[in-house]
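**Q** structure of the sequence below:
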Amino acid sequence: MIIHLKKIAAGTCLMLAALHPVIHAQERVSEQSVTLTLEQAVEYAIEHSKTLKSSDIDLEMKKRASANSWNVFLPNMSLTGTMNRSTEYSPSSAAMNQLISSITHTEAASDFADEESRWAVVGGFTFGWTFTPAYIGQIMQSHANYELQKITWEQTRRDTIINIKKIYYGLLLQEQSLNIQRTTLENARKRAEQAEANYKNGLIPELSLLQTQVSYENQKPDLEQAERSYRQSLDMLAFLIGLPVGTNITLNGTIEPEYVKVDYDTLIEQYGYSSLDLQSLNENIHLTNLGLKTLTLATYFPALSLNYSWQPAYMGKAFSFAGDIGKDDMWYDSGSLSLTVAWNLTNMLPWSTNQQQAKDLKQVKKQLAMTRETLSENQKVQVRKAVDTLIESKAQIENMSRNISLAQRAYDATLKAYRSGTTELLDLRDAENSLNQAKLGLANQKFNYISALLDLENTLNTTLTRTDGNGDKK
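**A** Residues are numbered from 1 along each chain as shown. Have a look, this model is predicted:
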């Protein structure tokens, strides 16, 4: 059990090392104190977790894309305006200039007419609308992507809740171990004081005094290291749930599991297909099928295009529209209306890009089907393992509860004998270690039971206890 506890502490240290640059990038400006129950920690994480907020943004983007996926049917419209001065010179333009000059009998007018002939103001309006049956497939894909993102969002939320719960219970286990170390150190201190008094009274030799003092001093560094590790773990909890790093957190909870009756066959029958991982794979398979349908529609069905354009042009005196608006010889316009049916025959060839993409999607569909089968079988393995762990842990908890009372009686008897001088310090330390082992073993088995139950609920995407992820009654 002690080894397992050390593994938990080592894992916590590794997580802290990975988060060290992020945690210490935030200044310890907050010295506020807060007492957290498990439910409060979960609720605070749901409200402030940056991971969940990022997932919310992803979900909102997919939702917006799904709600506006019909915009593929919107036409393309544009409005343009151009003022153009030509710098072209040709014999025809020179002749026109001479004609205007002879009529007006002024060279200046000739120059002015020549400048007028160089300017033009052109407007433009275009309208284009295209329809292809593949648009329908694209809309369906947008809706399916939104459904997939909802599953991903729920997975992120459940994973966050379970991780917070495991960390919280791990901290309670760490706290209980720390309390046992403090009690052990306090007992060692009292024995050292008693030994010193007995030595002064000539009741014990100096060797016995030195043994008790050495035992007491050797336990101090271990306790100080355990306290530092516990504070760092609390900082990590604050960071993960969104509290300012450095907040003085006091945990208000106990490692007391809520026992449930579990049966492998019943669980698989009731919840075997409710796993979020399976739902996600099913939605991915559905997306792949939609991709194949969309590609088929784009390959074997033509596209219909409707286009209209209108281009009015003014070729009169530059910047003087008002006086010439009614003169038809100053205005020109052109336009067109077209209806086109386009059929890309190249896409039907077996070597075309579309056909190769279709083959790839079919292969992906096979891979997803195999992954789903593998995941389904692995889920059965995980459920059976969790059920076995729950049954074994519950039995161990019952046995260890009885062992603690026996170990306590043995320690009390040894302590009484040690005080009367009929037993050695080593015997007392052995009895104390046995009692501590029993207490830590019981707490460790309770943690194992809770952890296995959380994993089982996550695997089956259900709640087997009386409370859900937020601490609310079912």
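**Q** what bridges to residue 119?
**A** On the basis of DSSP bridges, residue 119 is bridged to residue 85.
**Q** hmm, it is touching residue 87, no?
**A** No - counting by CB atoms under 8 Å, residue 87 is not a contact partner of residue 119; they are 11.3 Å apart. (Each C-beta comes from the backbone N, C-alpha and C, glycine too.)
**Q** flag the shaky bits of the stretch 251-400 of the chain, pLDDT-wise.
**A** 316-330 (pLDDT under 70).
**Q** now do the strands in it.
**A** Applying DSSP state E, counting those that start in this stretch to the stretch 251-400 of the chain gives strands spanning 303-314, 331-342.
**Q** winner for burial among the ones you listed?
**A** Among those, strand 303-314 has the highest mean neighbour count (mean count of other CB atoms under 10 Å), at a mean of 16.
**Q** mind saving the C-alpha coords of that strand as CSV?
**A** Extracted as CSV, the C-alpha positions of strand 303-314 are listed here (Å, rounded to 0.1, in the frame of the first residue of the first chain):
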residue,chain,number,x,y,z
ALA,A,303,-24.0,21.9,-61.9
LEU,A,304,-26.5,24.5,-62.9
SER,A,305,-25.3,28.1,-63.1
LEU,A,306,-27.4,31.3,-63.7
ASN,A,307,-25.4,34.5,-64.5
TYR,A,308,-26.5,38.0,-65.3
SER,A,309,-24.4,41.1,-65.9
TRP,A,310,-25.2,44.8,-66.7
GLN,A,311,-22.6,47.4,-67.6
PRO,A,312,-23.7,51.0,-68.2
ALA,A,313,-21.0,53.4,-69.5
TYR,A,314,-21.0,57.3,-69.8
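**Q** and the angle from that strand to strand 331-342?
**A** Strand 303-314 runs at 170 degrees relative to strand 331-342, counting by axes from the mean of the first three to the mean of the last three CA atoms, to 10 degrees.
**Q** strand 303-314 pairs with which strands, and in what direction?
**A** Note on strand 303-314: by DSSP bridges, its sheet partners are strand 119-131 (antiparallel), strand 331-342 (antiparallel).
**Q** off-centre distance for that strand?
**A** 48 Å (CA atoms, centre = their mean, to the nearest Å).
**Q** which residues touch that strand?
**A** 120-132, 321, 324, 330-343 (CB atoms under 8 Å, 6 or more residues apart in numbering).
**Q** could you redo the last one with a cut-off of 7 Å?
**A** 120-132, 321, 330-342 (CB atoms under 7 Å, 6 or more residues apart in numbering).
**Q** ok, stretch 334-344 next?
**A** 302, 303, 304, 305, 306, 307, 308, 309, 310, 311.
**Q** and those residues, which is closest to residue 178?
**A** Distances from residue 178 to the contacts of stretch 334-344, taken as CB to CB, are shortest for residue 303 (71.1 Å).
**Q** so what's that closest one closest to, chain neighbours aside?
**A** residue 132 (4.1 Å; CB to CB, 6 or more residues apart in numbering).
**Q** which residues sit in contact with that neighbour?
**A** By CB under 7 Å, 6+ apart, the contact set of residue 132 is 298, 301, 303.
**Q** for residue 38, state which of the residues you listed is nearest.
**A** residue 298 (52.8 Å).
**Q** pretty sure the closest one contacts residue 136?
**A** No - using CB atoms under 7 Å as the test, residue 298 is too far from residue 136 to be in contact (10.8 Å).
**Q** can you pull out the strands in the stretch 101-250 of the chain?
**A** Using DSSP E, counting those that start in this stretch, strands in the stretch 101-250 of the chain cover 119-131, 248-251.
**Q** what's the model's confidence in the longest one, averaged?
**A** This predicted structure assigns strand 119-131 an average pLDDT of 89.
**Q** distance from it to the middle of the chain?
**A** For strand 119-131, the distance to the chain centre is 47 Å (CA atoms, centre = their mean).
**Q** so which of the strands of the stretch 101-250 of the chain is nearest residue 349?
**A** In terms of CB to CB, the element of the strands of the stretch 101-250 of the chain nearest to residue 349 is strand 119-131, at 23.0 Å.
**Q** list the buried residues in the closest one.
**A** If you call a residue buried by 16 or more other CB atoms under 10 Å, then strand 119-131 has these buried ones: 119, 120, 121, 122, 124, 126, 130.
**Q** closest to residue 79 among the contacts of residue 132?
**A** Distances from residue 79 to the contacts of residue 132, taken by CB to CB, are shortest for residue 303, at 24.9 Å.
**Q** the closest one pairs with what?
**A** residue 342.
**Q** where does pLDDT dip in the stretch 1-150 of the chain?
**A** 1-31, 88-117.
**Q** quick revisit: dump the strands of the stretch 101-250 of the chain into TSV; add distance to residue 69 as well.
**A** TSV is the format used below for the strands of the stretch 101-250 of the chain (distance: least, CB to CB, whole Å):
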stretch	distance to residue 69
strand 119-131	15
strand 248-251	46
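**Q** look up how far residue 79 lies from the residue nearest to residue 303.
**A** Distance, residue 132 to residue 79, by CB to CB, to the nearest Å: 26 Å.
**Q** likewise for residue 221?
**A** Taking CB to CB, one finds residue 221 at 80 Å from residue 79.
**Q** then residue 42?
**A** 55 Å.
**Q** out of the two, which sits in the more crowded spot?
**A** residue 42 (22 against 8; other CB atoms under 10 Å).
**Q** quick check: which element contains the more buried one?
**A** helix 38-48 (DSSP states H and E).
**Q** after that helix, heading C-terminal, what element do we hit next?
**A** helix 50-67.
**Q** contacts for that following helix next, please.
**A** With CB under 7 Å, 6+ apart, helix 50-67 has contacts from 46, 142, 143, 145, 146, 149, 150, 153, 156, 157, 160.
**Q** 8 Å instead?
**A** Counting by CB under 8 Å, 6+ apart, 45-46, 142-143, 145-146, 148-150, 152-153, 156-157, 160, 242 sit against helix 50-67.
**Q** now a PyMOL select for only the buried ones of those.
**A** Buried subset of those, written as a PyMOL selection, criterion 16+ other CB under 10 Å:
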select buried, resi 45+46+142+145+146+148+149+152+153+156+157+160+242
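**Q** the contacts of helix 50-67 in helices, which ones?
**A** Among the contacts of helix 50-67, DSSP state H puts 45-46, 142-143, 145-146, 148-150, 152-153, 156-157, 160 in helices.
**Q** picking that back up, to residue 380, which of the strands of the stretch 251-400 of the chain lies closest?
**A** strand 303-314 (48.2 Å).
**Q** now do stretch 215-224: everything it contacts.
**A** For stretch 215-224, using CB under 8 Å, 6+ apart, the contacting residues are 178, 181, 182, 184, 185, 188, 189, 191, 192, 425, 429.
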